[in-house]
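> got a predicted structure plus its sequence, pasted below:
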Number of protein chains: 2
Amino acid sequence: MRDLNVQDLENLEVGAGILGTGGGGDPYIGKLLAREQLLRGKKITLVDPKEVDSESEILPVAMMGAPVIMIEKVPGGKEVVKSLEYFEKNLKESIDFITPIEIGGVNSTVPLAVAGMTGKPVVDGDGEGRAFPELQMVTFHLGDIQASPVAMFDERGNNNIVMATDNVWAERIARSVTVRFGGSAYVALYHMKGIDYKKWAVLNTITKCIDIGDAIMDAKRSGRNVFDALLDETGGVMIFSGKIIEVKREVERGFARGSTVIEGSGEFRNKHMRIDFQNENLMASIDGEIITSVPDLITILDSETSVAITTEHLKYGFRVNVMVMKCDERWRTAKGLETVGPRYFGYDIEYRPMEELI
Amino acid sequence: MRDLNVQDLENLEVGAGILGTGGGGDPYIGKLLAREQLLRGKKITLVDPKEVDSESEILPVAMMGAPVIMIEKVPGGKEVVKSLEYFEKNLKESIDFITPIEIGGVNSTVPLAVAGMTGKPVVDGDGEGRAFPELQMVTFHLGDIQASPVAMFDERGNNNIVMATDNVWAERIARSVTVRFGGSAYVALYHMKGIDYKKWAVLNTITKCIDIGDAIMDAKRSGRNVFDALLDETGGVMIFSGKIIEVKREVERGFARGSTVIEGSGEFRNKHMRIDFQNENLMASIDGEIITSVPDLITILDSETSVAITTEHLKYGFRVNVMVMKCDERWRTAKGLETVGPRYFGYDIEYRPMEELI
């Protein structure tokens, strides 16, 4: 158990951007929210899952919706606190810990802001080890943990509670409400006991983000090649480098869907990489040949600053590097691939682990 | 207080079709649901609002969605009972009475079926004195009674609770969930005390429906002109007669929207009436000139059988009569017209009471 400081948040911002694979909202906005709490003298306590009792009540909190819209509507921690209060009121039992549902800008830091506001500690882990666009795309789902009740709030004070028969229906219903809320919602869901969290969460991912950020900062200070440091820290592989020459993006049924094309440079000269995304980066191909896909993590980085670029910030002319990292092993099981494999997203290809492809 | 019999349900079917102004779903299906309860030996008790205590807990129950879809998915009383149970569980207090939210096929009879299933009596009245397409279009809304919580179920067992900041937001959110449920939902909403019901409901409308049905049946038996009997009973006016030559209808964002054109016959020869609808009939014009509009009641009747034709049953070639009836006075107030007047539905015209127009 330890209290996070402002430097941790800076590092987390960097690391969450990289593991967020383009989604989860703007890491910068997320950091501001959490940092405000520290500046007000509040504590943000991070707890190792080992320290969590099996009978503890754990509640993931998040923002749902298209990241493009999350940027426009600066996320409010207060609305997320409301969703936590809903659970406490209806459980008639106190929530012991909050936790992120995924790793990615806003969604790895909103729980920290809520921790500051409520004094609840945050368990170090999440439900994905990365970011994914839909509610059922969490390791908790693979463990048959129910997303419902899903408590949803908007910034006007509207509230909606989804009690679905399964997690795919929870996604469908909550998504339609998110669209009606104006494209984003503050949610709490997958309420569970400590024993389930310890079995099904991807553990210690907040620390992992902080460590990634730290490694990058450290490389910058020491003059070491930042990308080398990043690849060392994450076990990732650099798969492309070049200039963005096309970005297509539209908000459709509550998601930011689109693609970007990168014109290769250096060793990738005369080649083109296309990356498709739905909130998060889904698939990367070079000149029509698929290089890698979900559930492995595809991240686009600014080649100048080494900062990860979220899908909503992709822009013509940016010079970028593209890297891929290994996903949590559970995503590679049959149920994992059924939930988040390329076929789920409409690509008629077999998933092949990044280690085989590259 | 009296127990309804099978003949009452037959009469109610006829009367609810006429006051339903084309909407509220198929009266026949609604009748079957309620009749099944009587045939099983259950009681359906109708209570005069005068007999209702001010402190009583009253809950309107209904089906929400496009009537076209309500026909395909035969309405289930059980799902509506679930929404009632939700309220009892969360109020921790028993619901004393149920009541219809509107008059119109399924929605005037579903509460009767629920009465049979649960033994709860039905208060004789509703929130419209007719049918309207949206949740906030009830006299309860004019009395500032909150629709929320809106408890919604689908036939799969999915449940959703809307707690909106106002009734227009309740409509927006519940509508999006209804669409996601597949186009229809079983709902309970506008939970209120007896004192509010007695002040804001349109009273004794179930009896009014039964009386209309009875008057028509009586005319048929005695050989009297059925339409004359109907106009006498309702104070309505016949405004057109002819053959349907066009029907346009599409289900759009959870509503059945469209229009029908009737080629005049007899005294209306060489004239054409157009009726626009959104679940319910909204406006009638002859050769481009507006004759009458919401909130007054426009009903299309089969000229052969005198049965009201719901918007989803309109068909080329049907020979029909069109009648208009006076709406409840509260719909003619400023807030009433703001809520259900022609401008709300996108017609840039001033509402004029049917008495002035015809």
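Sure thing, it's come through. Residues are numbered from 1 along each chain as shown, chains lettered A, B, ... in the order given.
> so what's A:Pro121 up against?
A:1, A:45-47, A:96-98, A:115 (C-beta atoms under 8 Å, 6 or more residues apart in numbering or on different chains). (C-beta placed from N, C-alpha, C; glycine too.)
> that one and A:Leu46, how far apart?
7 Å (C-beta to C-beta, to the nearest Å).
> joint contacts of those two?
Shared contacts of A:Pro121 and A:Leu46 (C-beta under 8 Å, 6+ apart): A:Met1.
> up against chain B, what does the stretch 101-250 of chain A have?
Applying C-beta under 8 Å from any C-beta of the partner chain, we find that the stretch 101-250 of chain A lies next to chain B at A:156-165, A:169, A:172-173, A:175-177, A:179-181.
> so how far is chain B from A:His272?
38 Å (C-beta to the nearest C-beta, to the nearest Å).
> so that residue bridges to which residues?
Under DSSP bridges, the beta-bridge partners of A:His272 are A:Glu263.
> which residues touch it?
Contacts of A:His272 by C-beta under 8 Å, 6+ apart are A:245, A:261-264, A:286-287.
> quick one, which of these are buried?
Neighbour counting by 16 or more other C-beta atoms under 10 Å in any protein chain shown classes A:261-262, A:264, A:286 among these as buried.
> name the helix or strand for A:Glu55, please.
Taking DSSP states H and E as the definition, one finds A:Glu55 inside no helix or strand.
> coming back round to it: which one of the buried ones among the contacts of A:His272 sits closest to chain B?
Checking the buried ones among the contacts of A:His272 against chain B with C-beta to the nearest C-beta, the nearest one is A:Val261 at 34.0 Å.
> tell me which strands and helices the helix or strand hosting that closest one is in contact with?
Counting by DSSP H and E, the element that carries A:Val261 is strand A:255-264. Here strand A:255-264 touches strand A:237-252, strand A:272-278, going by 3 or more C-beta pairs under 8 Å, 6 or more residues apart in numbering or on different chains; DSSP states H and E.
> now do it and strand A:237-252, the angle between them.
Interaxial angle of strand A:255-264 relative to strand A:237-252 (axes from the mean of the first three to the mean of the last three C-alpha atoms, to 10 degrees): 140 degrees.
> which helix or strand contains the residue nearest to A:Leu135 when sequence neighbours are not counted?
Excluding the flanking residues, the one nearest A:Leu135 by C-beta to C-beta, 6 or more residues apart in numbering or on different chains is A:Glu171, at 4.0 Å. Counting by DSSP H and E, the element that carries A:Glu171 is helix A:167-180.
> what's the end-to-end length of stretch A:99-107?
Separation of the first and last residues of stretch A:99-107 by C-alpha to C-alpha, to the nearest Å is 10 Å.
> quick revisit: got the contacts of A:His272 as JSON lines, with pLDDT columns?
Listed next are those as JSON lines, based on pLDDT from 0 to 100:
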{"residue": "A:Ile245", "pLDDT": "97"}
{"residue": "A:Val261", "pLDDT": "98"}
{"residue": "A:Ile262", "pLDDT": "98"}
{"residue": "A:Glu263", "pLDDT": "98"}
{"residue": "A:Gly264", "pLDDT": "97"}
{"residue": "A:Ile286", "pLDDT": "97"}
{"residue": "A:Asp287", "pLDDT": "97"}
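> any idea how far stretch A:91-108 is from the chain center?
13 Å (C-alpha atoms, centre = their mean, to the nearest Å).
> ditto for stretch A:114-132
Taking C-alpha atoms, centre = their mean, one finds stretch A:114-132 lying 11 Å from the centre of the chain it belongs to.
> from A:Thr310, how far out is A:Phe227?
Taking C-beta to C-beta, one finds A:Phe227 at 19 Å from A:Thr310.
> give me the more crowded residue out of those two.
More crowded of A:Phe227 and A:Thr310, by other C-beta atoms under 10 Å in any protein chain shown: A:Thr310, with 32 against 18.
> quick revisit: packing partners for the helix holding A:Glu171?
Partner elements for helix A:167-180 (3+ C-beta pairs under 8 Å, 6+ apart): strand A:57-65, strand A:150-153, strand A:159-163, strand A:184-188, helix B:167-180.
> give me every residue that touches the closest residue to A:Gly20 other than its chain neighbours.
Counting by C-beta to C-beta, 6+ apart, A:Gly20 lies nearest to A:Gly104, which is 3.0 Å off, once chain neighbours are set aside. Residues near A:Gly104 by C-beta under 8 Å, 6+ apart: A:16-17, A:19-21, A:23-25, A:27, A:130-131, A:280.
> ditto for A:Phe240
Contacts of A:Phe240 by C-beta under 8 Å, 6+ apart are A:262, A:264, A:268, A:271, A:273, A:284, A:286, A:291, A:321-322.
> from those residues, which single one is nearest chain B?
A:Ala284 (32.2 Å).
> quick check, that closest one in a strand?
Yes. Applying DSSP: H, G, I helix; E, B strand; the rest coil, one finds A:Ala284 inside a strand.
> and it, how many neighbours does it have?
A:Ala284: 24 neighbours (other C-beta under 10 Å).
> now swap in A:Asp53 and tell me
Neighbours around A:Asp53, by other C-beta under 10 Å: 12.
> surely A:Gly143 meets A:Asp196?
Yes. Counting by C-beta atoms under 8 Å, A:Gly143 touches A:Asp196, with 6.4 Å between them.
> measure the residue nearest to A:Leu135 to chain B for me?
Distance, A:Glu171 to chain B, by C-beta to the nearest C-beta: 10 Å.
> need the contact list for that residue.
Here A:Glu171 is in contact with A:134-136, A:147 (C-beta under 8 Å, 6+ apart).
> again with A:Phe87
Listed by C-beta under 8 Å, 6+ apart, the contact set of A:Phe87 reads A:59, A:95, A:149, A:151, A:188, A:191.
> helix, strand, or coil at it?
helix.
> for chain A, what helix or strand is lowest in average pLDDT?
helix A:67-72 (a mean of 59; mean pLDDT, DSSP states H and E).
> and the closest residue to A:Ile206 other than its chain neighbours, how many neighbours?
Once flanking residues are discounted, A:Ile206 sits nearest to A:Asp124: 4.7 Å by C-beta to C-beta, 6+ apart. Neighbourhood size, A:Asp124 [other C-beta under 10 Å]: 26.
> against chain B, how distant is A:Asp124?
Applying C-beta to the nearest C-beta, the value for A:Asp124 to chain B is 32 Å.
> so A:Lys199 is in which element?
helix A:194-200.
> what helices or strands is that helix leaning on?
Here helix A:194-200 touches strand A:57-65, helix A:139-142, going by 3+ C-beta pairs under 8 Å, 6+ apart.
> one step back: could the contacts of A:Glu171 go into CSV alongside distance to B:Leu314 and secondary structure?
Compiled in CSV, these are given as follows (distance: C-beta to C-beta, whole Å; DSSP: H, G, I helix; E, B strand; the rest coil):
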residue, distance to B:Leu314, secondary structure
A:Glu134, 40, coil
A:Leu135, 40, coil
A:Gln136, 41, coil
A:Ala147, 42, coil
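> mark out where each domain of chain A begins and ends.
Split into domains by automatic domain parsing, chain A comes to A:2-205, A:236-357.
> tell me which of those domains sits most buried.
When these are scored by mean count of other C-beta atoms under 10 Å in any protein chain shown, the highest mean neighbour count falls to domain A:2-205 (a mean of 23).
> and that domain, end to end?
Chord length of domain A:2-205, first to last residue, is 15 Å (C-alpha to C-alpha).
> which residues of the stretch 201-350 of chain A fall in strands?
A:202-203, A:237-252, A:255-264, A:272-278, A:280-286, A:289-293, A:297-302, A:319-325 (DSSP state E, counting those that start in this stretch).
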